[in-house]
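Visitor: show me the folded form of this:
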Amino acid sequence: MRTGGRWLLVTVAVVACSGEDVTAPPVPTARVISATATASSRNALAAFVRVAAVGADSARVLFRAVDGSLDSTPMYPLARSAAAVPVLGLRPETAYRGVVEISGAGGFARSDTVSFSSAALPELLKRITISTTGVSSGLTLTALQLAGTALLAFAFDSAGTIRWYRQFDDPRAGGELKQQPNGNFTIYIGASFGSQRTPGYYLEFTPAGDSVRAIHAPPSLYMDNHEVWVTGNSDATERIHLFAYDHRPTDLPALGGQRRADLAGHYLLRLRPNGALEFAWSGWEHLSVSDWIEPPRPGPVDVDQPDFDHPNALAFDRDSNYIVSFRNLGEIAKIDAISGEVIWRLGGANNQFTFLNDPLGGFSAQHSPKILPNGHLLVYDNGTRHQPQETRAVEYALDLPARTATMMWEFRHDPLIYTPFVGSVERLADGTTLIGYGTAGHATEVSADGGVRWEADILADGQPAFVYRVMRLGSLYRYEVP
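Guide: Here you go, the predicted structure:
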């Protein structure tokens with residue numbers, strides 16, 4: 001204790017003699033110095049509120065439309081006591097009043113009233129009309145290519161009003177659009193439908209519309225337009241999951257095609273943040289051209305779809321392994337994300353399961369498979385092989401030891417809808433299911449008992465729009481489970 005006491009005395013003496021003030025400076029009381037609103041140059045349905053403050057580390061905007069509806073942005077961090085907070089999802093040509101709310105070590109404070117207004121939709125977007133029946137929650141996200149002029153990503157509300165968009169002045173057809181787990185959006189830009197010798201890439205952009213980066217396939221491969229996932233954080237743990245393809249001369253007489261056809265086959269790839277290849281799975285090695293069954297034969301090989309496998313969806317099982325839909329094989333497969341082993345194959349020529357309780361005996365030309373939290377498989381069944389041809393959403397319980405797929409739920413639209421290509425299905429947090437009938441430009445939200453809660457018809461220049469998928473957004477600002 002004596003030694004400790006002397007050490008303590010020496011330490012105190014050194015500090016006292018140093019002349020340094022070890023008292024932490026007081027934290028200023030939270031106060032908004034300024035808050036001003038400006039319109040977004042990229043989106044007529046957005047604004048920025050620029051805030052400067054002291055005593056705070058984050059800020060948000062609470063705002064109210066003239067009709068009294070209240071909304072709020074999330075909290076945004078203040079960098080050097082300032083931030084430009086994006087305000088998204090505004091109604092066209094609407095006036096708003098709000099306040100900036102700040103919080104931090106200095107407490108909590110609000111600004112004086114801030115006013116801003118949204119503008120009219122650009123003329124191009126006015127060519128899109130959306131009619132709805134019923135009521136849904138949140139915003140519905142989709143994309144379409146319009147009049148050979150532009151690619152449009154947009155989200156609309158329950159009443160069919162467009163509330164958010166990003167326009168890409170590229171006349172090429174677009175593909176898949178989604179909100180990634182990091183809160184940004186990705187969209188395919190290019191003219192490929194999954195097999196063409198044409199360049200394409202995914203563009204990642206923020207909810208406010210700012211471009212972040214372009215995601216390309218590795219050299220010598222073409223980027224596929226059907227799916228990309230960005231998982232992990234924006235550091236060394238981030239991974240990019242995608243499909244790519246190349247072409248090989250292949251004999252196809254047995255399928256009614258030509259000898260030495262220029263055939264495309266696909267790869268499932270996982271990239272590191274710097275683009276380095278971490279995982280590569282080849283359809284050329286694990287699949288067979290002889291298993292190509294869609295569209296139904298006999299008949300010549302469809303020259304508009306010269307790929308034998310056509311992976312059109314990528315998802316993750318609960319154990320983080322891959323779930324892949326191969327449309328042209330009529331198959332959904334689970335693939336080990338480390339070894340590349342094919343764990344199971346459901347549907348198609350190499351089906352390993354018995355379908356039970358399914359009046360249609362399985363699916364065909366399918367899209368959008370997802371493993372639900374309970375382990376069931378949800379599928380958009382395009383239904384090319386059904387008689388009559390009919391598209392539905394269907395859910396199966398998979399018993400892996402018994403190799404059975406038991407139908408637990410289905411929804412069949414009345415009147416019947418058939419979409420030979422594209423389409424999506426999504427189970428929402430409240431138990432409802434959102435179905436996007438892509439080539440019909442139609443969306444339906446149904447309850448667990450099959451009751452229709454909400455429907456939307458998306459028209460472009462008065463005709464049903466060709467939309468790859470429709471998806472529900474939990475939030476425009478950040479990823480939330482819808």
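Visitor: next SSE downstream of the helix or strand of the chain with the lowest mean pLDDT?
Guide: Least confident helix or strand, the chain: helix 2-18 with a mean of 37, by mean pLDDT, DSSP states H and E. From helix 2-18 onward toward the C-terminus, using DSSP states H and E, the following helix or strand is strand 31-39.
Visitor: just checking: what are the partner strands of that next one?
Guide: strand 47-54 (antiparallel) (DSSP bridges).
Visitor: who touches the strand it pairs with?
Guide: 28-40, 59, 61, 78, 81-87, 90, 96, 98, 100, 102, 106, 109, 111, 114, 116-118, 208 (C-beta atoms under 8 Å, 6 or more residues apart in numbering). Backbone N, C-alpha and C define where each C-beta goes, glycine included.
Visitor: hmm, try it at 7 Å
Guide: Identification of contacts with strand 47-54 by C-beta atoms under 7 Å, 6 or more residues apart in numbering yields 28, 30-40, 59, 61, 78, 81-87, 90, 100, 102, 106, 114, 116.
Visitor: only whichever of these are buried, select them in PyMOL.
Guide: Buried members of the contacts of strand 47-54, defined by 16 or more other C-beta atoms under 10 Å, are picked up in PyMOL with:
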select buried, resi 30+32+35+37+40+59+61+78+81+83+85+86+87+90+100+102+106+114+116
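Visitor: what mean pLDDT would you report for the host helix or strand of Ala143?
Guide: In the assignment (DSSP H and E), Ala143 maps to strand 139-146. Averaged over strand 139-146, pLDDT sits at 94.
Visitor: which helices and strands does it pack with?
Guide: Judged by 3 or more C-beta pairs under 7 Å, 6 or more residues apart in numbering; DSSP states H and E, strand 139-146 is in contact with strand 150-156, strand 174-179, strand 452-460, strand 471-473.
Visitor: what's the angle between it and strand 452-460?
Guide: Per axes from the mean of the first three to the mean of the last three C-alpha atoms, to 10 degrees, the angle that strand 139-146 makes with strand 452-460 is 20 degrees.
Visitor: partner strands of strand 139-146, parallel or antiparallel?
Guide: Here strand 139-146 is paired, per DSSP bridges, with strand 150-156 (antiparallel), strand 471-473 (antiparallel).
Visitor: of those strands, which is nearest Pro373?
Guide: Across the strands paired with strand 139-146, Pro373 has its closest neighbour in strand 471-473 (16.1 Å, C-beta to C-beta).
Visitor: ok, Tyr477 - contacts?
Guide: For Tyr477, the contact set (C-beta under 7 Å, 6+ apart) comprises Thr73, Pro74, Leu88, Gly183, Pro207.
Visitor: those residues: which two are farthest apart?
Guide: Maximum pairwise distance in those, criterion C-beta to C-beta, is 12.8 Å, between Thr73 and Gly183.
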